[in-house]
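A.B. asks: after the sequence you'll find the predicted model.
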Amino acid sequence: MKTIGEQEMRAQELAAGWVLGDLSEAELLEFKSYDSSDFNKMVERTEEAASRAWLTFQEFQPSESMPAALTERIRATSKGFLQQPGLVTEAVQPTLELATQGRAVSLRESLAWLCAAAAIALTLCVVLPSNPKQIMTASQQREALIANAEDLTRVRWSSTDPAKADEKDLGEVVWSNRQQKGFMTIRGLPKNDSSKEQYQLWIIDPSRDDEPIDGGVFDISADGESVIPINAKLEVGNPKVFAVTVEKPGGVVVSDQKRLPLIAKLDI
């Protein structure tokens, strides 16, 4: 009795055979025994997966050459897919090596294995943009939040060091309660050694009876301005104070606030 994995691979091979147009009469009957709607979706996924994987697996040579018509169809469909094939090659290469090691592989089986491996590539495509330029920096995300959030709160940092009490250019906090999203702009904090200590943000919310909300641990690794996303561990209802403390690596659950270099207070 076939395992679920073997059954899925057999179904994928039949879908590949349908795409190639080389199913035998017996295979065609087996093909038709599957639920037609599910199989139609599988055939569509097979063609799309083959198209997407085409660029990734250019160096893989099956034992049979692909028909010219199918080659052109896949090449045309794959145009624009996987702009950076190197992003997924390492993830799927072991699957190909396992499938082809020590034996010749038929064109249909190649396509079936190609599509099975491409499922990994397709998953990564959801996470990794095809064009790295589409990845927004923290500064760009901050600007987008400022431009689009209708409930944006902005408050400037103040130093708790009396010698720096008059400094005004320490950065600010921007926060959207509706989106539960925000960013810190920080200037003037010393760079930290993350193996010894890290900075940690705290959000004081009077609408909660609990301790201040952990806003995430972060590092300052360069001089000048740093833009850091806020990573609130709990939902924020009515933020009134944002405070930065210096803690042990990884942060703490409750801070003693002995080292509190920055604070930003809204009107209370």
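C.D. replies: Happy to help now that I have it.

A.B. asks: give me the contact list for stretch 254-264.
C.D. replies: Stretch 254-264 is contacted from outside by 155-161, 170, 172-173, 186, 189, 200, 202, 211-212, 241-247, using C-beta atoms under 8 Å, 6 or more residues apart in numbering. Using the backbone N, CA and C atoms, a C-beta is placed for each residue, glycine as well.

A.B. asks: among those, name the buried ones.
C.D. replies: Buried members of the contacts of stretch 254-264, counted by 16 or more other C-beta atoms under 10 Å: 155, 157-159, 170, 172-173, 186, 189, 200, 202, 212, 241-247.

A.B. asks: of the contacts of stretch 254-264, which belong to helices?
C.D. replies: Using DSSP state H, no member of the contacts of stretch 254-264 falls within helices.

A.B. asks: tell me which of those residues fall in strands.
C.D. replies: In this view, the contacts of stretch 254-264 that belong to strands under DSSP state E are 155-156, 158-159, 172-173, 186, 200, 202, 241-247.

A.B. asks: and which of those residues is nearest Leu145?
C.D. replies: Nearest to Leu145 among these: Val173, at 11.5 Å, using C-beta to C-beta.

A.B. asks: from Ala163, how far out is that closest one?
C.D. replies: For Val173, the distance to Ala163 equals 23 Å [C-beta to C-beta, to the nearest Å].

A.B. asks: repeat that for Ala138.
C.D. replies: 29 Å.

A.B. asks: more crowded one of those two?
C.D. replies: Legend: neighbour count by other C-beta atoms under 10 Å for Ala138 and Ala163, higher for Ala138 (14 against 7).

A.B. asks: where are the low-confidence patches of this structure?
C.D. replies: 1-8, 18-22, 31, 34-134, 268 (pLDDT under 70).

A.B. asks: per-domain residue ranges of it.
C.D. replies: Structural domains assigned to the chain are 4-127, 138-265, following automatic domain parsing.

A.B. asks: residues in contact with stretch 152-166?
C.D. replies: Stretch 152-166 is contacted by residues 145-146, 167-168, 170-177, 182, 186, 188, 239, 242, 244, 260-266 when judged by C-beta under 8 Å, 6+ apart.
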